[in-house]
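Participant: Whatever this is, show me its structure:
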Amino acid sequence: MNALMNTPFVSTKAPVASLALPTVHVNAPGLRQRDRDEMFIQMLDAYRGSGGLSRGTQISALLEGRGRHTAGTVDKWKDTNEVIYFEWELETWLPRFQFDMANKAPWAEVGLVATELAGVYDNWEMALWFARPSSALEGRLPADTLRSDPDLVIQAARHDRSLAS
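Facilitator: The predicted structure follows:
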């Protein structure tokens, strides 16, 4: 597993449309660590096609190393729902699709979707939501669809929020 975590998570392999991540409250009592580990591995696979997952420290180093951002910028984005992230094995993980690497900033649409889902989904569930095929997106992943049709992804988030409420 450590070798997998130290490997860059970039692939030209398209995400598997039939990936069925479990619909489960990841902080539910009785959820075993093994179940959470399996969900993490499934998210690694689901996010590969859109740039993969990176540790928060890697994202911070990449952004801060360019001189545009100071230490704590990623934490500020987390606190203000501008990025999605989750904690696994005492590390913060962020899907890379949400960053405009040319401008060294998160895509604004990610924050709009995160705002729609906040209060209904926790951080793990939000990260899973972006990695699951959505019927509102004709089976596409929100992470893969956000740049090409952000309004549709925001509508899908509103729809799913209303179902979850």
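
Participant: which strand in the protein runs the most residues?
Facilitator: strand 91-95 (DSSP state E).

Participant: as a whole number, average confidence for stretch 47-58?
Facilitator: Summarised as a single mean, pLDDT over stretch 47-58 is 92.

Participant: Name the residues of that stretch that come out as buried.
Facilitator: Across stretch 47-58, burial judged by 16 or more other Cβ atoms under 10 Å covers 47, 48, 49, 50, 51, 52, 53, 54, 56, 58. In this view, the C-beta of every residue, glycine as well, is placed from N, C-alpha and C.

Participant: so the fourth one touches residue 107, yeah?
Facilitator: No - using Cβ atoms under 8 Å as the test, residue 50 is too far from residue 107 to be in contact (11.5 Å).

Participant: The longest strand of the chain pairs with which strands?
Facilitator: Here strand 91-95 is paired, per DSSP bridges, with strand 53-55 (antiparallel), strand 86-88 (antiparallel).

Participant: and residue 154, which of those is closest to it?
Facilitator: strand 86-88 (20.7 Å; Cβ to Cβ).

Participant: ok now the closest one, how far from the chain's centre?
Facilitator: When distances are taken as Cα atoms, centre = their mean, to the nearest Å, strand 86-88 is centred 10 Å away from the chain's centroid.

Participant: again, but for stretch 101-115
Facilitator: The answer for stretch 101-115 is 11 Å, by Cα atoms, centre = their mean.

Participant: Which residues does that stretch contact?
Facilitator: The contact list for stretch 101-115 (Cβ atoms under 8 Å, 6 or more residues apart in numbering) reads 62-63, 66, 68-69, 77, 80-84, 98-100, 126, 130, 142, 146-147, 150, 153-154, 157.

Participant: Just the CA atoms of it, as CSV, please.
Facilitator: Presented in CSV, the C-alpha positions along stretch 101-115 are these (Å, rounded to 0.1, in the frame of the first residue of the first chain):
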residue,chain,number,x,y,z
MET,A,101,-2.7,24.7,-12.0
ALA,A,102,-2.0,27.6,-14.4
ASN,A,103,-3.4,30.1,-11.9
LYS,A,104,-2.5,28.1,-8.9
ALA,A,105,-6.0,28.3,-7.4
PRO,A,106,-9.1,26.1,-7.1
TRP,A,107,-11.8,26.3,-9.8
ALA,A,108,-14.6,28.6,-8.4
GLU,A,109,-17.2,26.0,-9.5
VAL,A,110,-15.8,23.5,-7.0
GLY,A,111,-16.6,25.9,-4.2
LEU,A,112,-20.2,26.4,-5.6
VAL,A,113,-20.8,22.6,-5.6
ALA,A,114,-19.2,22.3,-2.1
THR,A,115,-21.5,25.0,-0.8
